[in-house]
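In: Generate coordinates for the sequence data below:
(one chain, ligands or ions: 2)
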Amino acid sequence: MKVFAIGDEINHHVGDAQCPECWEEYPEPCPCGGLMHAGSSGEEDADGNVMLVTLCDRCGRSEDTEPE
Ligand SMILES: [Zn+2]
Ligand SMILES: [Zn+2]
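Out: Residues are numbered from 1 along each chain as shown. Ligands and ions are numbered 1, 2, ... in the order given. Okay, the predicted model is just below:
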């Protein structure tokens, strides 16, 4: 099992739709066919919501990044 890191969470499972490190409803399907993982960034926005960091395990894109 390959693992990769998002922030301080270093145990995200590549290709595992039941990734144990992921935030709530993640991972989500990425348009590339990989999985978009999410972890807490350790910060909150102005409304007190935890800010997530997302990263695809295949293409390495973040969900927040618009395609060019
Ligand atoms: Zn994950
Ligand atoms: Zn992707």
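In: what about this protein, any weak spots by pLDDT?
Out: Across the chain, residues meeting the criterion (pLDDT under 70) sit at 65-68.
In: Get me the contact residues on it for ligand 1.
Out: If contact is defined as Cβ under 5 Å from the ion, the residues of the chain in contact with ligand 1 are 12, 19, 21-22, 37. Placement of C-beta: from N, CA and C, glycine included.
In: Which members of those are positioned in strands?
Out: 12, 37 (DSSP state E).
In: What about the residues of the chain next to ligand 1, which one has the most neighbours?
Out: Comparing the residues of the chain next to ligand 1 by number of neighbours (other Cβ atoms under 10 Å), H37 comes first, having 28 neighbours.
In: Let me know whether that one touches P27 as I believe.
Out: Yes - counting by Cβ atoms under 8 Å, H37 does reach P27; the two are 4.7 Å apart.
In: Report the set of residues contacting both of those two.
Out: Residues within reach of H37 and of P27 at once, by Cβ atoms under 8 Å, 6 or more residues apart in numbering, are 19, 57.
In: Would you map the strands across this protein?
Out: Listed from the start of the chain, the chain has strands (DSSP E) covering 3-6, 9-13, 28-29, 35-44, 50-56.
In: I'd like these as JSON lines, with distance to ligand 2 appended.
Out: Below are the strands of the chain laid out as JSON lines (distance: least, Cβ to the ion, whole Å):
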{"stretch": "strand 3-6", "distance to ligand 2": "13"}
{"stretch": "strand 9-13", "distance to ligand 2": "14"}
{"stretch": "strand 28-29", "distance to ligand 2": "9"}
{"stretch": "strand 35-44", "distance to ligand 2": "7"}
{"stretch": "strand 50-56", "distance to ligand 2": "3"}
